[in-house]
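# Build me a model:
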Amino acid sequence: MPRSMESVLRRQSWASPPATPAAAPAGVILPLEPKEGSSSGHIDLFRWQAVPGAETYVVKVTAVTDGRVLWESPALTTAEAHLPNTIALEPEAYYWQVTASAGGKPVAETGAIRFLVTP
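Numbers count the residues shown, from 1 in each chain. As a prediction, the model looks like this:
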């Protein structure tokens with residue numbers, strides 16, 4: 001193997017992965033927890049990566065089986081939401097999603113992230 005090729009391969013093997021999570025594409029919110037496919041006996045915290053320029057976020061939790069909305073948050077100014085104590089998620093599959101807005105108009109969203117509450 002030519003010496004220049006060896007040095008290129010050596011440099012590539014020393015490359016380290018990025019220290020921070022990759023930024024989501026424009027118009028997409030990166031969900032942090034619960035992650036897609038997560039399961040737990042108790043899920044009441046939802047976190048996502050903040051969107052530059054977003055003024056508010058709204059979180060919606062829906063049942064996978066019939067699409068009923070179990071909770072929709074008020075407009076939030078932080079990148080996390082806690083379910084109120086009055087909402088208890090029964091053991092079943094759910095989706096959660098976040099919509100970010102600026103100037104009263106949606107600017108980004110997560111799409112539906114599935115999670116499972118177990119008995």
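
# What score does the residue nearest the centre of the chain have for pLDDT?
The chain has residue 31 as the residue nearest its centroid, 1.0 Å off, counting by C-alpha atoms, centre = their mean. Predicted confidence (pLDDT) for residue 31: 96.

# One more: residue 68?
95.

# Could you list which residues are in contact with it?
residue 62 (C-beta atoms under 8 Å, 6 or more residues apart in numbering). From N, CA and C alone the C-beta is placed, and that goes for glycine too.

# Recalculate using a threshold of 6 Å.
Residue 68 makes no contacts at all, as judged by C-beta atoms under 6 Å, 6 or more residues apart in numbering.

# On the pLDDT front, check residue 25 for me.
54.

# let me redo that: residue 88
For residue 88, the predicted pLDDT is 89.

# Just say helix, strand or coil for it.
coil (DSSP: H, G, I helix; E, B strand; the rest coil).

# Quick check: it vs residue 97, distance?
Separation of residue 88 from residue 97 (C-beta to C-beta, to the nearest Å) stands at 20 Å.

# the more surrounded of these two?
Each of residue 88 and residue 97 has its neighbours counted (other C-beta atoms under 10 Å); residue 97 has more, 18 against 11.

# Helices of this protein, residue ranges please.
Secondary structure of the chain, counting by DSSP state H: helices at 3-14.

# so where's it uncertain?
Low-confidence segments of the chain (pLDDT under 70): 1-26.

# hey, where'd the strands end up in it?
Along the chain, counting by DSSP state E, strands occupy 31-33, 38-40, 45-48, 56-63, 69-72, 80-82, 93-102, 105-109, 113-117.

# I'd like to know how far the nearest residue to residue 91 once chain neighbours are set aside sits from residue 82.
Using C-beta to C-beta, 6 or more residues apart in numbering and skipping residues adjacent in sequence, the residue nearest residue 91 is residue 119, 4.5 Å away. As for residue 119, its distance to residue 82 is 22 Å (criterion: C-beta to C-beta).
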